[in-house]
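Chemist: below is the structure, and that's it, no one-letter string:
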Ligand code: SAM
Ligand code: SF4
Ligand code: F3S
């Protein structure tokens with residue numbers, strides 16, 4: 001670890017730290033076979049999907065372009081809301097007939113749903129078409145589990161509830177050559193009363209700083225341009241390693257690698273430090289875009305959610321950041337219809353939106369998750385009212401986002417090109433430094449190019465423009 005990083009040895013928490021090694025006996029297991037991964041949920045799951053793809057490629061499997069061509073299908077699941085779970089149950093329910101016509105095809109299920117005992121029990125009893133279930137804590141054991149299943153063809157359930165470990169040198173097959181998700185920590189210790197993540201992902205545990213830097217350096221050396229540092233609460237990075245203000249130290253070390261763009265996701269107001277905002281201000285390769293979930297504008301709701309800050313503290317942070325970095329783009333997450341949320345409490349959330357005028361906000365209706373405290377809270381608010389509140393909130397957010405984007409018309413933004421736009425193959429798309437999705441026209445542009453784009457039109461959540469120069 002960098003010598004300038006301050007470490008408090010009394011605060012160090014020990015987790016198992018292991019190096020992944022591909023067992024020699026699995027190297028040829030996938031020869032002539034193809035895999036398909038359905039990934040649901042957040043970036044943590046996307047990154048896990050890339051690890052699974054890396055393992056499978058090392059085992060000789062090839063990625064199938066279509067699920068019907070696959071010999072192995074993996075459902076990498078999310079449990080954050082009931083709708084996410086229901087969707088997966090619908091998908092795996094539809095497989096009954098598929099399994100009858102293709103009995104040799106292997107179906108596996110992993111991710112956060114696989115860490116929930118009730119879900120695992122339901123799969124065991126009602127979904128015999130699922131052959132292999134493994135939890136987030138067993139990701140590194142996947143090659144062994146698959147080998148065992150392929151040899152014995154016996155249904156396998158590898159799900160454990162542990163504090164979690166940190167495993168290095170996991171293989172990876174990234175979905176982009178230019179943009180990478182880099183895990184900096186796993187799990188979450190915050191125990192917000194509505195949230196399932198601490199139960200599905202284990203305790204908060206950080207990777208060693210040197211391992212993270214080595215991953216960023218290797219990605220940069222292979223032509224990579226942008227990294228997004230991942231954690232449920234990146235501001236707590238290094239606390240378990242006894243680091244004081246570890247996230248700022250990490251941000252600076254990643255900035256020193258010279259990678260073109262650095263983003264991070266997600267931040268928690270509780271652990272935010274002024275020094276990390278200063279690092280953002282001083283280092284041009286740390287992008288001025290911040291996702292700072294607030295969840296509610298009401299102190300009483302924040303308390304029932306166990307968020308650990310008041311709305312005054314959030315305003316203080318927000319205003320301080322805006323003062324230090326006036327061009328910073330802000331996004332957030334909001335929950336409406338938390339148990340017994342009153343009209344006044346909801347009004348406070350609208351006031352918050354009026355104050356912050358977010359560039360974008362992800363809004364959700366509270367979904368009770370079995371095993372979390374809020375699932376047992378009394379809730380007398382009808383779903384109809386919750387939906388009305390959600391609509392009202394979304395309209396307000398969209399109006400501000402549109403108003404903000406209008407101001408971009410005529411400006412030139414630097415966009416990292418992701419390739420041809422999905423909706424219109426004659427145009428390109430990519431994200432600006434402020435993380436705005438920009439669709440643009442131009443010539444001789446390739447994926448991975450930095451392009452100066454003049455903005456000509458603005459919608460609430462996207463911008464249109466014309467390429468001025470490839471940088
Ligand atoms: N760790 C991040 C944080 O605390 O800001 C967020 C992680 S979570 C994957 C993403 C978002 O899902 C949360 O910010 C919250 O708004 C939403 N969410 C989590 N649990 C939920 C629930 N039970 N019902 C509705 N939304 C939920
Ligand atoms: Fe869930 Fe709260 Fe942890 Fe975010 S900080 S993952 S909302 S428990
Ligand atoms: Fe879903 Fe698990 Fe992420 S519950 S949002 S995939 S951490």
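Modeler: Ah, there it is. This one's a predicted model, so the numbers in the text were calculated from it and none came from an experiment. Numbers count the residues shown, from 1 in each chain. Ligands and ions are numbered 1, 2, ... in the order given.

Chemist: whatever residue of the stretch 1-150 of the chain ends up closest to ligand 2: neighbour count?
Modeler: The minimum distance from the stretch 1-150 of the chain to ligand 2, using Cβ to the nearest ligand atom, falls at residue 80 (8.2 Å). In this view, the C-beta of every residue, glycine as well, is placed from N, C-alpha and C. Taking other Cβ atoms under 10 Å as the neighbour definition, residue 80 ends up with a count of 20.

Chemist: and the gap between it and ligand 1?
Modeler: 5 Å (Cβ to the nearest ligand atom, to the nearest Å).

Chemist: which residues touch that residue?
Modeler: Residues near residue 80 by Cβ atoms under 8 Å, 6 or more residues apart in numbering: 41-42, 112, 195-197, 367, 369.

Chemist: top of the residues you listed by neighbour count?
Modeler: residue 112 (27 neighbours).

Chemist: right, and that residue touches residue 202 too?
Modeler: No - between residue 112 and residue 202 there is no contact under Cβ atoms under 8 Å: 11.0 Å.

Chemist: find the nearest non-adjacent residue to the residue of the stretch 251-400 of the chain found nearest ligand 2, please.
Modeler: Relative to ligand 2, the nearest point of the stretch 251-400 of the chain is residue 268 (5.4 Å; Cβ to the nearest ligand atom). In space, and not counting its chain neighbours, residue 268 is closest to residue 233: 4.1 Å by Cβ to Cβ, 6 or more residues apart in numbering.

Chemist: so which bits of the chain are right by ligand 1?
Modeler: Residues of the chain lying near ligand 1 by Cβ under 6 Å from any ligand atom: 42, 80-81, 194-195, 197, 232-233, 266, 268, 293, 295, 333, 335, 364, 366-367, 369.

Chemist: tell me the SS of residue 181?
Modeler: strand (DSSP: H, G, I helix; E, B strand; the rest coil).

Chemist: now residue 179: how far from ligand 2?
Modeler: Residue 179 is 23 Å from ligand 2, by Cβ to the nearest ligand atom.

Chemist: ok, now which ones touch residue 119?
Modeler: By Cβ under 8 Å, 6+ apart, the neighbours of residue 119 are 79, 85, 113.

Chemist: which stretch of helix or strand covers it?
Modeler: Using DSSP states H and E, residue 119 sits within helix 117-126.

Chemist: list the buried residues in that helix.
Modeler: 119-120, 123 (16 or more other Cβ atoms under 10 Å).

Chemist: what is the mean pLDDT for stretch 411-427?
Modeler: Across stretch 411-427, pLDDT averages out at 90.

Chemist: work out the gap between it and the centre of the chain.
Modeler: 22 Å (Cα atoms, centre = their mean, to the nearest Å).

Chemist: what's the average pLDDT for stretch 143-161?
Modeler: 92.

Chemist: how near is the residue in the stretch 151-300 of the chain positioned nearest to ligand 3 to residue 116?
Modeler: Distances between the stretch 151-300 of the chain and ligand 3 by Cβ to the nearest ligand atom are smallest at residue 197, namely 4.8 Å. As for residue 197, its distance to residue 116 is 11 Å (criterion: Cβ to Cβ, to the nearest Å).

Chemist: before we move on, what about residue 223?
Modeler: 39 Å.

Chemist: between the two, which has more neighbouring residues?
Modeler: The residue with more neighbours, out of residue 223 and residue 116, is residue 116; 22 against 9, by other Cβ under 10 Å.

Chemist: what residues are up against that one?
Modeler: Contacts of residue 116 by Cβ under 8 Å, 6+ apart are 79, 196, 199-200, 370-371.
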